[in-house]
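Peer 1: This is a predicted model, with the sequence first.
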Amino acid sequence: MNVDEAARVPVVIVGAGPVGVTAALLLARRGIRSVVLERHRDVYPLPRAVACDDEIHRILQAAGVGEEFTAISRPAGGLRLLDARHRVMAEFRRSRRGRHGYPQSSMFDQPELERVLRDALAKRPECELRGGVEVTGVGPDTAGPVRVTYRDDTGEHELWAEAVLGCDGANSLTRDAIGGVWEDLHFEERWTVIDAETTGPVRCWEGVDQVCDPKQPATFMRVNDTRYRWEFRQREGQETVRELVAPWLPPSYDGDFDVVRETQYTFRARVADRWRSGRVFLLGDAAHLTPPFVGQGLCSGLRDAHNLTWKLARVLQQGGDERLLDTYESERRPHARHVVRLAVAMGWAMTGGQDGAAAIRRRALAAACRIPGLTERAGRDLSPPLTAGPLVRRGVRRGLVGTHCPQPWVSVGGRRTRLDEVLGDSFAVLTATGPGPSLTALAHGLGIPALPVTDLGDDGTLAAWLRSGRADAVLLRPDRIVMDVVPSGGRDFTSTAAWSPLLHTTRSPVPSERTAPKSLLRSTT
Ligand SMILES: O=C(O)/C=C/c1cccc(O)c1
């Protein structure tokens, strides 16, 4: 293999959409350089994704743009299912303060989010964005660096990367390059998506409405002060935009109403059958396509970026165990598949059948949604715990393992901040009371903080959370997912022997931007 040394780069990211740029930022904050290759020269100006959940806001915090995202987003009230006459059948309320420390659901304009991400990228010396280029080849993936070829105005070029992240969307060239094919989860419908600006009195609430009318299923939401999104399943002899949106406007409304975008989409439910070949990975729409009915398409992509980047950084920079990389697909694929299936189920509730049985099913759904607590549980389950694996050590009880640690505000050294800022970007142990000698030794050996939650000055969230999982301590991964627990009354983690080899590295870590404060690391000695 003839590798041009001047063209070597640790990571090539194909695609500068939100997933690709977030991945670049997350790698940069761990000191990993990347080149991002993008077809368009600038941010694509039209709206697409409009919603995300609090886990995603926390990921954006990890990427360094949490506050910027707060500034361009607004908390959303939740999701309602309406019948054909727009009467509320069920309501899934979202809190303004979710477990991740942010509103459980937020609305935003995708070009604004992309601008925030690109501005952050431009400030990173570790990242280089090459816009206006067409990627022409990835791989083949053999031992050693992966060749990526691309074309621009000046001709053909190549890069040699330690790893390639294919964030190149539904028609991914990277997916083809690794021989990935779609698994079809059986949903395919043509919908019209309308984004409009108006200062008129649009009939709406603070969340998303799904109109469960098999004759004309529709989605509606307010995105910001003057921007609205409608989605309608296409039907024979479709009406004009003004006819379609008429039920949301006063009769004979003749004020301002500007259609920012009207487009036809085929909503599909698909998951790629493989997400990785050697050091080539698929993320975002290259790996999964989610109908938009639960607002999770982009969320899944950003979860991919968060899941993969800490593992990749550990392998590339610290000589971490290659088996860490196997866990990307084994953790993310079932999770994304679950979310796609949820979206399909929602689509079914909105569109499924016009016969008597379908009407009864819809009434049963509405009745079920009135059972106290059910809608909250349904809301939480949008992002299920990770399935068990080498980095998710689940024993007999499911408990906290595979779930996220909540992120309350904490006070450390007189400074009030969010928990993740204190824990840093590495592993961490949280204990209900002071860590005993064996946990102290373990944390010290791994160079990670071991913190009694009683020292963190939060509002009791963390202690209550540990109690709820009957855990005396948890081992948190860098993505803040619980990897293992010390059960109440136990002395040690349930399966240290199984996971500890995966945590050891052959090189000392390059300090990440969010290294836990020295004072906290000292508390383990
Ligand atoms: O479940 C929620 O809070 C939001 C759901 C959502 C968001 C955006 C678009 C949708 O069709 C659903």
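Peer 2: That came through fine. Residues are numbered from 1 along each chain as shown.

Peer 1: which ones are touching the residue in the stretch 101-250 of the chain positioned nearest to the ligand?
Peer 2: Going by CB to the nearest ligand atom, the ligand is nearest to S105 of the stretch 101-250 of the chain, at 3.7 Å. (C-beta placed from N, C-alpha, C; glycine too.) Contact analysis of S105 by CB atoms under 8 Å, 6 or more residues apart in numbering lists 51-54, 75-79, 94, 207, 295.

Peer 1: what pLDDT does it get?
Peer 2: Note on S105: pLDDT of 96.

Peer 1: what sits against R323?
Peer 2: By CB under 8 Å, 6+ apart, R323 lies in contact with 390, 502.

Peer 1: What of V133?
Peer 2: Applying CB under 8 Å, 6+ apart, the residues contacting V133 are 37-39, 150-152, 157.

Peer 1: what secondary structure does the closest residue to D153 other than its chain neighbours sit in?
Peer 2: Spatial nearest neighbour of D153, excluding adjacent residues (CB to CB, 6 or more residues apart in numbering): G132 at 7.1 Å. Following DSSP: H, G, I helix; E, B strand; the rest coil, G132 is assigned to coil.

Peer 1: From the ligand, how far out is P406?
Peer 2: 19 Å (CB to the nearest ligand atom, to the nearest Å).

Peer 1: what is the rounded mean pLDDT of the longest helix along the chain?
Peer 2: Assignment by DSSP state H gives helix 323-351 as the longest helix of the chain. Averaged across helix 323-351, pLDDT comes to 94.

Peer 1: so does it get close to the ligand?
Peer 2: No. Contact of helix 323-351 with the ligand is not found when judged by CB under 6 Å from any ligand atom; the minimum separation is 7.7 Å.

Peer 1: what domains does the record give for the protein?
Peer 2: Split into domains by automatic domain parsing, the chain comes to 5-74+105-182+272-350, 409-524.

Peer 1: quick check, distance from the longest one to the centre of its chain.
Peer 2: It stands for domain 5-74+105-182+272-350. 10 Å (CA atoms, centre = their mean, to the nearest Å).

Peer 1: ok, V344 - contacts?
Peer 2: Contacts for V344 (CB under 8 Å, 6+ apart) come out as 185-187, 269, 291.

Peer 1: List only those of these flagged as buried.
Peer 2: Among the contacts of V344, those buried by neighbour count (16 or more other CB atoms under 10 Å) are 185, 187, 269, 291.

Peer 1: Mind giving me the ChimeraX select for the contacts of V133, buried ones only?
Peer 2: In ChimeraX, this line selects whichever of the contacts of V133 come out buried by 16+ other CB under 10 Å:
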select :37,38,39,150,157
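
Peer 1: Make TSV out of the contacts of V133 and add secondary structure, distance to L423 and pLDDT.
Peer 2: Formatted as TSV, the contacts of V133 follow (DSSP: H, G, I helix; E, B strand; the rest coil; distance: CB to CB, whole Å; pLDDT from 0 to 100):
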residue	secondary structure	distance to L423	pLDDT
L37	strand	33	98
E38	coil	33	98
R39	coil	37	97
Y150	strand	38	98
R151	strand	43	98
D152	strand	41	96
H157	strand	40	97
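
Peer 1: What about the ligand: which of the contacts of V133 touch it?
Peer 2: Near the ligand, judged by CB under 6 Å from any ligand atom, there are no entries from the contacts of V133.

Peer 1: Relative to R303, which of the contacts of V133 is nearest.
Peer 2: Nearest to R303 among these is E38, at 21.4 Å by CB to CB.

Peer 1: hang on, isn't that closest one packed against L129?
Peer 2: Yes. Counting by CB atoms under 8 Å, E38 touches L129, with 6.5 Å between them.

Peer 1: Now for these two: what residues contact both?
Peer 2: A16.

Peer 1: Next, the closest residue to the ligand within the chain: phi, psi?
Peer 2: Of all residues in the chain, G295 sits closest to the ligand, at 2.3 Å by CB to the nearest ligand atom. Phi and psi for G295, reported as degrees, to the nearest 10, are phi 60, psi 40.
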